Each structure stands twice: as C-alpha cells, then as structure tokens.
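A.B. asks: next comes the sequence, and after it the predicted model I'd like to discuss.
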Protein chains: 2
Amino acid sequence: MEEIDRRIVALLARDGRMSFTDLARETGLSVSAVHQRVRRLEKRGVVRGYAAIVDHDAIGLPLTAFISIKPIDPAAPDDAPDRLAHLSAIEACHSVAGDESYILKVRVGSPVALEELLQQIRAAANVSTRTTVVLSTPYEHRAPDVTRGGESAGPDRPPAA
Amino acid sequence: MEEIDRRIVALLARDGRMSFTDLARETGLSVSAVHQRVRRLEKRGVVRGYAAIVDHDAIGLPLTAFISIKPIDPAAPDDAPDRLAHLSAIEACHSVAGDESYILKVRVGSPVALEELLQQIRAAANVSTRTTVVLSTPYEHRAPDVTRGGESAGPDRPPAA
DNA sequence: GGTGAAAAGCGACAGAG
DNA sequence: CTCTGTCGCTTTTCACC
C-alpha cells in the first residue's frame, strides 16, 4: 500500500461519508481511479466498514466502564469472548498481557445496569472482574495517523466482513 | 427521541454509508422524511460523524495498548488531555475513577515506538504510566443496542462538531 | 411532523489510451 | 493505472398535506 492509498484511508477514517468526487479532488486522481482503490481497500480488509459515531449520552447509555476479567479456574478452556459476545453492552473485548486476561469496554444506562452486567459477565464466563468507571472522555475515536510505511500486513488479506 | 430515530441511529451505527433510500425502506418512511431526521440527529449531536473502520495491522499500526497515567505531582493543575492531544498515536483518552487518573488507548507500529511514546507521554504531562499491551482483539467497535428509552440527554443538545 | 416529484449531483460501468 | 463518457440512482430541495 502506498502514498495515495494511505491518503484515501486517512480521509475516510476522518469522514466515512466523503464522496468519491471529493476523494478524487483531494488525491488528484479521477473519480473512477479513486472508486477502484476504495473498493480494493474494502476487499483487502484494510477498510473493514463504515460506522456512524454516536453520542452515547443521547441514546441512553451514558455510563462507560472498562472491565478487566480473570478466569476463576485457570485450567478451564478460555472461551470468554465467545461466552460474552451475546451481551450487547460490551462494545469491545481485548486479550491483554498482564495480570488479567481480557479488558472489556462496556456502555450501560445506569449504575444498576452496570451491576447487572457484571453479574452476567461473571456467570457467563466464570471470571472475576475489576471495573474502572469512566468519569468523562476528553477525546475518543481519533483517526490514526496514516503517515507511515505500513506494508506489514502483506499484499492480500482476506475480507473481514 | 423515539422509536424511528433510534432505528435510524442503529442502522447508521452498523453501516455508516447506508443510503437514504435504504434507510427509508427499512423505516417505512419516505426518503425526504428520513433525510430530515438524519440531518436533525446530526445537528443535535446524536450522530457526531461518520468514520471508516480501518484494519490497524494493514496501515502499519499493529500494536495496541492501554496506558493508565497518574500525575507525579498531585497538586499540579490537571491538563493532561490537552498536553497529550498532539500525540496522534493516542486514539482515546478517558478520565477514570480509581487509582489512576486517565486511561489512554494507543496504536503504534512496534515495541520501540511504544517505548518512545511512553517517554513522550511522561515528559509532556509529568505523569507515571502503567501499560497493558493488547495481544489480540476478539471484537471491537460493536454497534450499541439502541433498544431503550434514552431521553436522558434532553431535547436539544449543542452540536459536537 | 409527513409526502411526492423535480433538479442537481454522484456512483457505477464500459471502452480507450 | 488513468481518462472520458454515459446511464441510473441518490441526494437535496421544493411545494404541499
């Protein structure tokens, strides 16, 4: 992936609805050339999709928290992500190095909802939890700086969707 | 905000490029009614923007980490988010309850780049750091479940952009 | 709030250099 | 890989309910 593709990715990361016409203007390419490149980036999985960034306060999920989990039985098979996937309050699940095994990012409507969620997580995955409540979010969802030579992923990755 | 708006937000959270025509079909409204509602949601800040979801491996940022920071001098004014905002490797900054004051989510290209970033963070904000490296990410960026009565934010919030 | 139709702009595709 | 051109669809605005 080279310069122009990185530029396209950077622009779409900042504005996922930017038109092909505008992308063409910004990159100095023709509309069809840009169209071709975007479709190729989508097919390779470099662009995995597009999402609206939503104000969680406005949709009734004002409470964000990070929940670190640790298996109660370290010998049991570790399928916590699968066991937790049905809980829609969990926005992300990261396997991490360190004392705990996963960090979950969750969004709920109230402290009581958080309490219920913690019970569900402990029951579903047989884990202990450690919760860090988010008080405010100075910034989030900042677009990455795509100004580097990142050919680490190889020429053809399988599609993500 | 009621039923149809929530449906629109849910659809756009899952596919930020969905056309107004498709949104109209899914909601049973006319194209112009949907258009009107989406613009209103954007203006109210319920929809804060649109972003392409990018594969960080493919753009040369395969290493994700969470960095918890704590001020060295607890008496100093706490403007860490401002002091760190110029570091583009920082994707998010959350103020949190607990032993540390902020959790940062960062994306870098290599362990060495993480080391350099940690030095920059410590120098820029006069903080100590505790880093949790992400090994893998079973899932991330899951769209929220908008199936609730979330009028908590009030009728007219100021625009975010 | 909602609709439906017209005008302007954009996306998708083909063919050529 | 890029350009031009065409066609059809989408977006946007308008008058009206």
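C.D. replies: Okay, I see it.
A.B. asks: for the longest strand belonging to chain A, which outside residues touch it?
C.D. replies: Counting residues, the longest strand found in chain A (DSSP state E) is strand A:127-139. Contacts with strand A:127-139, where a contact means C-beta atoms under 8 Å, 6 or more residues apart in numbering or on different chains, come from A:63-72, A:80, A:100-101, A:114, A:118, A:121-122, B:81, B:85, B:92-98, B:103. In short, each C-beta sits where N, CA and C put it, glycine included.
A.B. asks: any buried residues in that strand, and which?
C.D. replies: Within strand A:127-139, the residues that qualify as buried are A:127, A:129, A:131-132, A:134, A:137, counting by 16 or more other C-beta atoms under 10 Å in any protein chain shown.
A.B. asks: what are the pairing partners of that strand, and which direction each?
C.D. replies: strand A:63-71 (antiparallel), strand B:90-96 (antiparallel) (DSSP bridges).
A.B. asks: for these, give me TSV that also has mean pLDDT and distance to DNA strand C.
C.D. replies: TSV is the format used below for those (pLDDT from 0 to 100; distance: least, C-beta to the nearest atom of the strand, whole Å):
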stretch	mean pLDDT	distance to DNA strand C
strand A:63-71	98	27
strand B:90-96	98	27
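A.B. asks: now, which of the buried residues of strand A:127-139 sits nearest residue B:147?
C.D. replies: residue A:134 (22.2 Å; C-beta to C-beta).
A.B. asks: what about stretch A:9-23, average pLDDT?
C.D. replies: Stretch A:9-23 shows a mean pLDDT of 95.
A.B. asks: endpoints of that stretch, how far apart?
C.D. replies: 10 Å (C-alpha to C-alpha, to the nearest Å).
A.B. asks: and for that stretch, what's in contact with it?
C.D. replies: Identification of contacts with stretch A:9-23 by C-beta under 8 Å, 6+ apart yields A:8, A:26-27, A:29, A:31, A:34-35, A:38, A:41, A:46-47, A:50-51, A:143-147, B:16-17, B:49-52, B:54, B:59.
A.B. asks: any of these buried? List them.
C.D. replies: A:8, A:27, A:29, A:34, A:38, A:41, A:46-47, A:50-51, A:143-146, B:16-17, B:49-52, B:54, B:59.
A.B. asks: quick one, phi/psi of residue A:88?
C.D. replies: phi -70, psi -10 (degrees, to the nearest 10).
A.B. asks: would you confirm that it contacts residue B:146?
C.D. replies: No. Counting by C-beta atoms under 8 Å, residue A:88 does not reach residue B:146; the two are 9.6 Å apart.
A.B. asks: about what we covered before: export the longest strand of chain A as CSV, just CAs?
C.D. replies: Provided in CSV are the C-alpha atoms of strand A:127-139 (Å, rounded to 0.1, in the frame of the first residue of the first chain):
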residue,chain,number,x,y,z
VAL,A,127,-14.5,-15.0,35.8
SER,A,128,-13.7,-12.4,38.4
THR,A,129,-14.0,-8.8,37.4
ARG,A,130,-12.3,-5.5,38.2
THR,A,131,-14.2,-2.4,37.0
THR,A,132,-12.9,1.0,36.2
VAL,A,133,-15.7,3.6,35.7
VAL,A,134,-15.2,6.3,33.1
LEU,A,135,-16.0,9.8,34.5
SER,A,136,-15.6,11.7,31.3
THR,A,137,-14.0,11.3,27.9
PRO,A,138,-11.8,14.2,26.7
TYR,A,139,-11.5,12.6,23.3
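A.B. asks: ok now it, how far from the chain's centre?
C.D. replies: 16 Å (C-alpha atoms, centre = their mean, to the nearest Å).
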